[in-house]
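1. from the sequence below, what's the structure:
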Amino acid sequence: MSQSCVALFGTSADPPTGDRGHRGIVRWLTETPLDELGGIPDEVWVLPVYRHAFVEKRDMAPFEDRMAMARLAFGDLPRVRVSDVERSVAEGAGGEVGAVDVVEHLIAHNPGVRFAWVMGADTHQDFRSGRWKGGSRLAELVPLVVVARPNEGSGHRVEGLGPVSSSMARQGRDGVVPDPVRTYMQLRDLYGRRD
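-> Model (predicted):
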């Protein structure tokens, strides 16, 4: 019996971007054979960050709002699950956790599943510079899949990605987030109302 393969996509989801950003990457993961996994992942699990490890990135919308936006952004894609596992791991540990803690938890609770960790090239820079808790251990546990930004960086090239970011979405730029996410942001007045 072969193991199932799951690609783990960690994101702040503050907010999740659309087809030219986060959603495009997640959809690409559901359609693309990855050498790191030996084929197309059976599933993609989107893991919104519970509490960001980097102090400069902790001023995020509440976790429940980011989970809701992630479900709106990715919930209709086939074989995609949005999981609050990082919150469970953090609450169980009573403190800060990193991707390595989440991956160790997932491996322990999902025998027979092979995981890979997906990150953008910018995040990979932080990883390579040693900013990630247990980074070398994470690389021992799972293969890392790096997605390049359009026209820069190294990693997998994903067709259709554009120069979009969550910070652009928070500034109210059009076309950055999926419409249901934009509606949610406005209803909850998460980043200041933009009409």
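
2. so what does residue 105 have for phi and psi?
-> Dihedral pair for residue 105: phi -60, psi -50, per degrees, to the nearest 10.

3. number of nearby residues for it?
-> Counted with other Cβ atoms under 10 Å, residues neighbouring residue 105 total 17. For the C-beta atoms, the positions are set from N, CA and C on the backbone; glycine is no exception.

4. so which helix or strand takes in the residue nearest to it when sequence neighbours are not counted?
-> For residue 105, ignoring the flanking residues on the chain, the nearest one in space by Cβ to Cβ, 6 or more residues apart in numbering is residue 89 at 4.9 Å. Assessed by DSSP states H and E, residue 89 sits inside helix 85-93.

5. any idea how far that helix is from the chain center?
-> Between the centre of helix 85-93 and the centre of its chain there are 16 Å (Cα atoms, centre = their mean, to the nearest Å).

6. which parts of it are buried?
-> Using 16 or more other Cβ atoms under 10 Å as the test for burial, helix 85-93 gives 85, 86, 87, 89, 90.

7. from residue 115, how far off is the first one?
-> Distance check for residue 85 against residue 115: by Cβ to Cβ, to the nearest Å, it reads 12 Å.

8. which neighbours do these two share?
-> residue 106 (Cβ atoms under 8 Å, 6 or more residues apart in numbering).

9. about what we covered before: list the contacts for the residue nearest to residue 105?
-> Contacts for residue 89 (Cβ under 8 Å, 6+ apart) come out as 50, 97, 101, 102, 105.

10. for the chain, which segments count as strands?
-> 4-11, 43-48, 80-82, 113-120, 144-147 (DSSP state E).

11. give me the pLDDT for the residue nearest to residue 105.
-> pLDDT, residue 89: 94.

12. quick one: the helices in the chain?
-> 22-31, 63-74, 85-93, 99-109, 121-128, 135-141, 166-170, 179-188 (DSSP state H).

13. can you redo those as CSV with distance to residue 159?
-> Output for those, formatted as CSV (distance: least, Cβ to Cβ, whole Å):
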stretch, distance to residue 159
helix 22-31, 8
helix 63-74, 19
helix 85-93, 29
helix 99-109, 26
helix 121-128, 16
helix 135-141, 27
helix 166-170, 20
helix 179-188, 22
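
14. least confident of those, on average?
-> Of all the helices of the chain, helix 121-128 has the smallest average pLDDT, which comes to a mean of 84.

15. about what we covered before: which of the helices of the chain sits closest to residue 13?
-> For residue 13, the closest of the helices of the chain is helix 63-74, at 4.3 Å, according to Cβ to Cβ.

16. so which of the helices of the chain gets nearest residue 44?
-> Shortest distance between residue 44 and those, using Cβ to Cβ, is found for helix 22-31: 4.6 Å.
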